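1. Got a sequence here, can you build the structure:
(2 chains)
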2 protein chains.
Amino acid sequence: MEKNAIVLLSGGLDSATITGLLRRDGYRIHALSFDYGQRHQQELHYARLVARQCGASSHRIFPMDLAAFGGSALTDASLAVPQGGVSAGIPITYVPARNTVFLALALALAEVLEVPEIYIGVNSQDYSGYPDCRPEFIAAFNELAQVATRAGIEGKGPQIRAPLQNLSKAEIIALGLELGVDYGLTRSCYQLDADGKSCGRCDSCLLRLAGFQALGKTDPAPYQTQP
Amino acid sequence: MEKNAIVLLSGGLDSATITGLLRRDGYRIHALSFDYGQRHQQELHYARLVARQCGASSHRIFPMDLAAFGGSALTDASLAVPQGGVSAGIPITYVPARNTVFLALALALAEVLEVPEIYIGVNSQDYSGYPDCRPEFIAAFNELAQVATRAGIEGKGPQIRAPLQNLSKAEIIALGLELGVDYGLTRSCYQLDADGKSCGRCDSCLLRLAGFQALGKTDPAPYQTQP
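-> Numbers count the residues shown, from 1 in each chain, chains lettered A, B, ... in the order given. Coordinates of the predicted model:
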């Protein structure tokens, strides 16, 4: 029987790895991305490349102006993106309730398409500062999905899956390389330049580069200054 | 100390009643409405009137194309709105995961504004067919709000309040009349005409009219055919 899954696809490394996993496991892939007023809006271009490379059967880009609410360096041009070191606490790049909003919309799509599984690339080890990347968040949303939906009432509410939850960035990259994920099509940088080159200095670049370095590999994506 | 609340405001009778409650209780009111591709988009006009009458300190109308996902008579023009009787089961007017999406966005706004309470006008007695109007849905979303947010990590996540949960439509109307809510500014109809007159025949009109009738009152909102 055909297996269907929705995957939240950002254009970054984590969601590309999950999409590679779904491809290997023979899923029919319904990719969902968000054009939410992010400053690094180019990521949607990379999301499209990943969806195509992984043979997704559909890819929706949902427009939504989360920037209207403000409060994050990722959507608010007046707040600076931090550079040069991973800091403690909740980062200013946290977009309030972003994963709750993304999963809520994925749940709506799952109801309409009758898809039983929703995949999200959260990863608590690297991003322990984000409240909505923690296992307790995923568990609570999964509970919600069982009571919030028609499918749930019928005892088959969509399951929320976060298979990268407990992996380090290096472990995620190792998995993706094994799966044949082309990381050259992905970007993680918060401030890509017009040529699609990563800065190599923001928190997200530093985590990604450290992951490749730990494996003795070179990141195939281009950087403004070769690291 | 000033009390702040976000209220999900639809232009209908239930959310107007809640807004009247918040006004009586001295809240600073932050109203949030959604322009989500609903066929009865005029409801936003009535939401504005209610926000103004209740002295809301802000009213945001968030645009979002839920109709792109399809699957509901309320957003999909190819599906007929049922008339002439309240039917069993989940109505075709159910918009998949709508209250999950609305509350997720209210949660995002609550994080940014640091507002501790979110009010929603769900009411399980009249709409037992909608999965996301049930007490177990509200309880599960409240649990989620405590783990999904920065405020929750600090032990003060936004509380989700549904004060109309167990009231009948007649009880809601009785409460609103006591609070001085002007129901002439509200509409509940799924197919308002261009003059803002309700059809008097859809499920939502029938429930509303029965509520007024049970109290021996006349609905001050206009109907295409006077009931």
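
2. Okay, strands next: where are they in chain A?
-> For chain A, the strands defined by DSSP state E occupy A:3-8, A:27-35, A:58-63, A:117-119, A:159-161.

3. Report back the residue of chain A that's furthest from centre.
-> Distance from the C-alpha centroid of chain A, by C-alpha atoms, centre = their mean, peaks at A:E154 (29.4 Å).

4. for that residue, phi and psi?
-> Phi and psi for A:E154, reported as degrees, to the nearest 10, are phi -90, psi 10.

5. which residues sit in contact with it?
-> Applying C-beta atoms under 8 Å, 6 or more residues apart in numbering or on different chains to A:E154 gives no contacts. (C-beta placed from N, C-alpha, C; glycine too.)

6. any idea how far it is from A:P222?
-> Computed as C-beta to C-beta, to the nearest Å, the A:E154 to A:P222 distance reads 48 Å.

7. same thing with A:L22?
-> 27 Å.

8. hang on, the earlier thing: got the strands of chain A as JSON lines, with mean pLDDT, mean neighbour count and distance to A:D14 columns?
-> Output for these, formatted as JSON lines (pLDDT from 0 to 100; neighbours: other C-beta atoms under 10 Å in any protein chain shown; distance: least, C-beta to C-beta, whole Å):
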{"stretch": "strand A:3-8", "mean pLDDT": "97", "mean neighbour count": "22", "distance to A:D14": "10"}
{"stretch": "strand A:27-35", "mean pLDDT": "95", "mean neighbour count": "21", "distance to A:D14": "13"}
{"stretch": "strand A:58-63", "mean pLDDT": "93", "mean neighbour count": "16", "distance to A:D14": "17"}
{"stretch": "strand A:117-119", "mean pLDDT": "98", "mean neighbour count": "22", "distance to A:D14": "10"}
{"stretch": "strand A:159-161", "mean pLDDT": "98", "mean neighbour count": "19", "distance to A:D14": "13"}
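
9. count of neighbours near the nearest residue to A:A170 once chain neighbours are set aside?
-> Excluding its sequence neighbours, the residue lying closest to A:A170 (C-beta to C-beta, 6 or more residues apart in numbering or on different chains) is A:A214, at 4.0 Å. Using other C-beta atoms under 10 Å in any protein chain shown, A:A214 has 14 other residues around it.

10. Repeat that for A:G180.
-> 11.

11. again with A:G196
-> 13.

12. low-confidence ranges in chain A?
-> Scanning chain A for pLDDT under 70 picks out A:1, A:39, A:71-93, A:125-128, A:226-227.

13. All the helices of it, in order from the start?
-> In chain A, the segments counted as helices under DSSP state H are A:13-24, A:43-53, A:98-113, A:135-148, A:150-153, A:169-179, A:203-214.

14. tell me what the shortest one is packed against?
-> I take that to be helix A:150-153. helix A:98-113, helix A:135-148 (3 or more C-beta pairs under 8 Å, 6 or more residues apart in numbering or on different chains; DSSP states H and E).

15. More neighbours: which of A:L22 and A:P222?
-> When A:L22 and A:P222 are compared for neighbours, A:L22 comes out ahead with 26 against 15, by other C-beta under 10 Å.

16. Please name the residues that touch the more buried one.
-> Contacts of A:L22 by C-beta under 8 Å, 6+ apart are A:A5, A:V7, A:I29, A:C54, A:Y119.

17. ok, the first one to chain B distance?
-> Noted for A:A5: a distance of 16 Å to chain B, by C-beta to the nearest C-beta, to the nearest Å.

18. Now do the contacts for that residue.
-> Here A:A5 is in contact with A:L22, A:Y27, A:R28, A:I29, A:H30, A:V115, A:E117, A:I118, A:Y119, A:R161 (C-beta under 8 Å, 6+ apart).

19. which one is A:E117 nearest to, not counting chain neighbours?
-> Distance criterion C-beta to C-beta, 6+ apart; nearest residue to A:E117, sequence neighbours excluded, is A:A5 at 4.4 Å.

20. Any idea what that neighbour is bridged to?
-> Here A:A5 sits in beta bridges with A:I29, as judged by DSSP bridges.

21. Can you give me the neighbour number for the residue nearest to A:G211 when sequence neighbours are not counted?
-> Nearest residue to A:G211 in three dimensions, chain neighbours excluded: A:K169, at 3.3 Å (C-beta to C-beta, 6+ apart). The burial count assigned to A:K169 is 23, neighbours taken as other C-beta under 10 Å.

22. Wait, A:K169 touches A:R208, no?
-> Yes - using C-beta atoms under 8 Å, A:K169 is in contact with A:R208, at 6.6 Å.

23. which residues are common contacts for those two?
-> Counting by C-beta under 8 Å, 6+ apart, the contacts common to A:K169 and A:R208 are A:L13.

24. Span of stretch A:180-191 from start to end?
-> Length of stretch A:180-191, first residue to last, C-alpha to C-alpha, to the nearest Å: 26 Å.
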